[in-house]
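In: Generate coordinates for the sequence data below:
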Amino acid sequence: MIDTASAELKQLAIDYWDQALAYSPTTATYLGDRRFDHLLEDRSDESRRAHRSAVGAFRSRTEAVDASELEGEDSITRTALIDQTFRDEAEIDADLEAWSLDPSSGPQAIALDLEALQPVRTPDEGAVMVARWRAMGPWFDQHIDRLRSAAQEGRISVRSPAERTLAQLEGILAQADDDLPLLAPVKEDRPEWPPAAREEFDSALRDAVRDVVRPALERFRDTIRDEILPIARPDGQPGLLHVPDGEPAYESLVRFHTSLSLDPEAIHRIGLEEVARIDDELRALGGAVVGTTDLAAIQERLRSDPALRFTTGDEIRHLAEASLATAQAAVPEWFGLQPIADCVVVPMSSHEEEHSTIAYYRQPATDGSRPGQYMINLSQPTTRPRYEAEVLAFHESVPGHHLQLAISQELTDLPDFRRHAGVTAFAEGWGLYTERLSDEMGLYSGDLDRIGILSFDGWRACRLVVDTGMHALGWTRQQSIDFMLAHTALAPNNIANEVDRYITWPGQALAYKLGQLEILRLRERAKERLGDAFDIRTFHDDVLGHGVVSLPTLAAILEERIREQAGAVSPSR
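Out: Down below sits the predicted model:
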């Protein structure tokens, strides 16, 4: 019998996370929880309504737990669970999956990524994979039905992302079955399996891809080509304000991703101020590195000089590995908390690299089957600037996302949802914060690589302007591309990919800069209050030692820690 507020809250957190993973079985697989490997998401109206009702019930039950009886991490858990249920409702209500076509994270991308996340070690796990592959038929059909229903309501994808998704599907379907990642498991040696079990698995998986997955992908492609593209919104109307009920949906998504109560116009202004500040920094550094303080000339030199580009994918990979090794060696001086899980560099699969961003991080599997992975895009190496390589590695791997997310996973005294559920502004704010931190740590090779810091910081500042510009202020896709061309050194193909990402994932791009600014504000406050007693290792451990929390919750945690430390020492002035 539960007889304390703490015990009641602990059970609520367990039940909430089980419900969340049952609703998103591919997320469970991604995290290394193998209970749902045979399933795919059910996004029927009935399922969504039931999940939203369950989320609301969890919030009501959590709010009923007496906060006065909680202390320490339990108090944080209560606040975090209430925050998480509000965020869940915002995502459910926005329902982007119903109509937004996305080459990076649409169902076609999820389907082909699953094999890399779902190791097959036993015949039973093989049977589970076959069941999931066969479930892709009705899963894609549900996506098709939802596209059609949403279109009848006026919720329709923008043309450019739809065209890119169609091109991606055409590329997938042009491959032979044996070349698809979905059949990679049949190429693995399994000497420990009985021959009959191996033969049965191989045959069943091939049948599933031939008879179920390929026809489903064809139906999905045909629907996009024949039904959605002819009525797709023009690129001149990419924002949610052009979708029925899009404006309140965008405001909800802004809160979901940033955890802050800022309206889009205020965020837009912050972005413009940050862009102007970073432009000035780039002019100053550009004078030393490329011999001019003219912003346009600096941008042109950075984009056009072949000497500043890679020539092969192997060069990209080798520098990524070297940057990761350099950062890992420096970590102990700056962090007390360090993850057990390793981080490795992994090239993206061919099906995703053409339409993906330049890199991303994939956190370790909790069952130990997969380390943290710094996923890098090796396509079109001559468009990849050398000066971005180090800052990119530090953001995505160490001291960026790997330290943050792997440490969070290993905080086993915390409820699972606090270890794994993402608050975008905390996660991405930390990644951006570490780009300049890495300069403090002495990780960059020279001033040219520091140009990459400013280009990336300007890129994230541009996101505040462009995301709000499109979704709240009526900007066009080309207007957004032109703004980013004027204020970053990113290659044009990367900028086009990025803008399409902001179109298909409204609000997410706001999290980076707003999170970074808040972490920097909190660090300055701690230094001001503690004086010479401020310790950067302690600050970093306090930021990373409580799981992935909202920015207001992080501020409350750090304020309490400042009070504790200030009471123990007399800060010098």
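In: give me the element F426 is part of.
Out: Applying DSSP states H and E as the criterion places F426 in helix 424-440.
In: for this protein, which spans come out with low pLDDT?
Out: When residues are selected by pLDDT under 70, those of the chain lie in 1-3, 355, 568-573.
In: Show me where it has its strands.
Out: Secondary structure of the chain (DSSP state E): strands at 343-347, 359-362, 372-376.
In: Quickly run through the sheet partners of the shortest one, with directions.
Out: Same thing as strand 359-362. strand 372-376 (antiparallel) (DSSP bridges).
In: what's the most buried one of the strands of the chain?
Out: Of all the strands of the chain, strand 372-376 has the most neighbours on average by mean count of other C-beta atoms under 10 Å, namely a mean of 23. Yep, even glycine has a C-beta here, placed from its N, CA and C like the rest.
In: OK, contacts around S349?
Out: When contacts are counted by C-beta atoms under 8 Å, 6 or more residues apart in numbering, S349 touches L112, D113, A116, P181.
In: List just the nearest of those to E428.
Out: D113 (20.2 Å; C-beta to C-beta).
In: which outside residues touch stretch 179-187?
Out: Counting by C-beta under 8 Å, 6+ apart, 111-116, 120, 126, 129, 133, 172, 177, 201-202, 205-206, 209, 213, 349, 351 sit against stretch 179-187.
In: How about stretch 52-61?
Out: L12, D15, Y16, Q19, L81, I82, T85, F86, D88, E89, I92, D93.
In: Counting neighbours, which bits of that stretch end up buried?
Out: Of the residues in stretch 52-61, R52, A54, V55, F58, R59, R61 count as buried by neighbour count, 16 or more other C-beta atoms under 10 Å.
In: Tell me how many other residues surround the closest residue to A208 other than its chain neighbours.
Out: Of all residues not flanking A208 in the chain, W133 sits nearest, at 3.9 Å (C-beta to C-beta, 6 or more residues apart in numbering). Neighbours of W133 under the rule other C-beta atoms under 10 Å: 25.
In: Touching, I76 and E560? I think so.
Out: No. The criterion here is C-beta atoms under 8 Å, and I76 misses it with E560 at 9.8 Å.
In: who's more crowded, these two?
Out: The neighbour comparison of I76 against E560 (other C-beta under 10 Å) goes to I76, with 22 against 14.
In: now that one: how far from D178?
Out: Distance of I76 to D178, given as C-beta to C-beta, to the nearest Å: 50 Å.
In: Find the nearest non-adjacent residue to E97, please.
Out: R43 (6.0 Å).
In: give the contact list for the one you found.
Out: Counting by C-beta under 8 Å, 6+ apart, R43 makes contact with E97, A98, Q142, H143, R146.
In: so which of those comes closest to D226?
Out: H143 (15.2 Å).
In: pretty sure the closest one contacts I110?
Out: No. Using C-beta under 8 Å, H143 is not in contact with I110, being 10.2 Å away.
In: Which of those two has more residues huddled nearby?
Out: H143 (22 against 17).
In: can you count the residues close to the residue lying closest to the more buried one once chain neighbours are set aside?
Out: Residue nearest to H143 in three dimensions, not counting chain neighbours: P107, with 5.1 Å by C-beta to C-beta, 6+ apart. Number of residues near P107 (other C-beta under 10 Å) recorded here: 24.
In: start at 15 instead
Out: All set: I'll call the first residue 15, so the last point we hit is now P121.
In: Looking at this protein, which helix is longest?
Out: Ranked by residue count under DSSP state H, the longest helix found in the chain is helix 137-166.
In: How about that helix, which residues are buried there?
Out: Quick answer for helix 137-166 (16+ other C-beta under 10 Å): 137, 139-144, 146-151, 153-154, 156-158, 160-161, 164-165.
In: before we move on, what about stretch 568-579?
Out: Buried positions in stretch 568-579, judged by neighbour count with 16+ other C-beta under 10 Å: L568, A569, I571, L572, R575, I576, Q579.
In: One more: stretch 517-534?
Out: 517-533.
In: Repeat that for stretch 427-436.
Out: L428, P429, D430, F431, R432, R433, H434, A435, G436.
In: next one: stretch 363-381
Out: 363, 365-380.
In: next one: stretch 41-60
Out: Buried residues in stretch 41-60, counted by 16+ other C-beta under 10 Å: 41-48, 50-57.
In: The helix holding F440 packs against which elements?
Out: helix 260-272, helix 403-410, helix 415, helix 461-486, helix 525-544, helix 565-582 (3 or more C-beta pairs under 8 Å, 6 or more residues apart in numbering; DSSP states H and E).
In: right, and the ones you listed - which one's nearest S393?
Out: Here helix 403-410 is closest among these (C-beta to C-beta), at 14.9 Å.
In: what distance separates the closest one from the centre of its chain?
Out: 15 Å (C-alpha atoms, centre = their mean, to the nearest Å).
In: any idea how far R135 is from E202?
Out: Taking C-beta to C-beta, one finds E202 at 10 Å from R135.
In: Also E213?
Out: 17 Å.
In: and the nearest residue to P208 once chain neighbours are set aside, what does it touch?
Out: Among residues not flanking P208 along the chain, P137 sits closest, at 7.6 Å (C-beta to C-beta, 6+ apart). For P137, the contact set (C-beta under 8 Å, 6+ apart) comprises W207, P208, A211, E214, F215.
In: How much space separates P137 from P205?
Out: Distance of P137 to P205, computed by C-beta to C-beta: 13 Å.
In: T43 now?
Out: In terms of C-beta to C-beta, T43 sits 26 Å off from P205.
In: show me the contacts for the spatially closest residue to P361 that is not a sequence neighbour.
Out: The shortest distance from P361 to any non-neighbouring residue, by C-beta to C-beta, 6+ apart, is to L392 (4.9 Å). The neighbours of L392, taking C-beta under 8 Å, 6+ apart as the test, are G327, I330, R331, P361, M362, E367.
In: Ok, E111 next?
Out: R57, H157, R160.
In: Can you report how many residues lie near A486?
Out: Neighbours of A486 under the rule other C-beta under 10 Å: 22.
In: Please read the previous query as pertaining to R233.
Out: Look at R233: counted by other C-beta under 10 Å, it has 15 neighbours.
In: T136 versus V142, what's the distance?
Out: On the measure of C-beta to C-beta, V142 and T136 end up 9 Å apart.
In: How far off centre is stretch 251-260?
Out: 23 Å.
In: right, and G120 touches T179 too?
Out: Yes. Using C-beta under 8 Å, G120 is in contact with T179, at 5.9 Å.
In: Please determine how far A290 is located from V479.
Out: 11 Å.
In: so what's E368 up against?
Out: Q182, G185, S393 are the contacts of E368 under C-beta under 8 Å, 6+ apart.
In: And the buried ones among the residues you listed, selectable in PyMOL?
Out: A single PyMOL command selects the buried members of the contacts of E368 (16+ other C-beta under 10 Å):
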select buried, resi 182+393
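In: Pipe the contacts of E368 into TSV and attach distance to L558 per row.
Out: Listed next are those as TSV, based on distance: C-beta to C-beta, whole Å:
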residue	distance to L558
Q182	36
G185	39
S393	33
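In: Of the contacts of E368, which is the nearest to L462?
Out: Using C-beta to C-beta, the contacts of E368 come closest to L462 at S393, 23.2 Å.
In: show me what contacts the closest one?
Out: G327, M362, E367, E368.
In: what about 7 Å?
Out: E367, E368 (C-beta atoms under 7 Å, 6 or more residues apart in numbering).
In: S20 touches E85, doesn't it?
Out: No. Contact criterion C-beta atoms under 7 Å: S20 and E85 do not qualify, at 8.7 Å.
In: which of those two has more neighbours?
Out: Remark: of S20 and E85, S20 carries more neighbours, 18 against 11, as counted by other C-beta under 10 Å.
In: quick one, what contacts that one?
Out: Applying C-beta under 7 Å, 6+ apart, we find S20 in contact with L84, D88.
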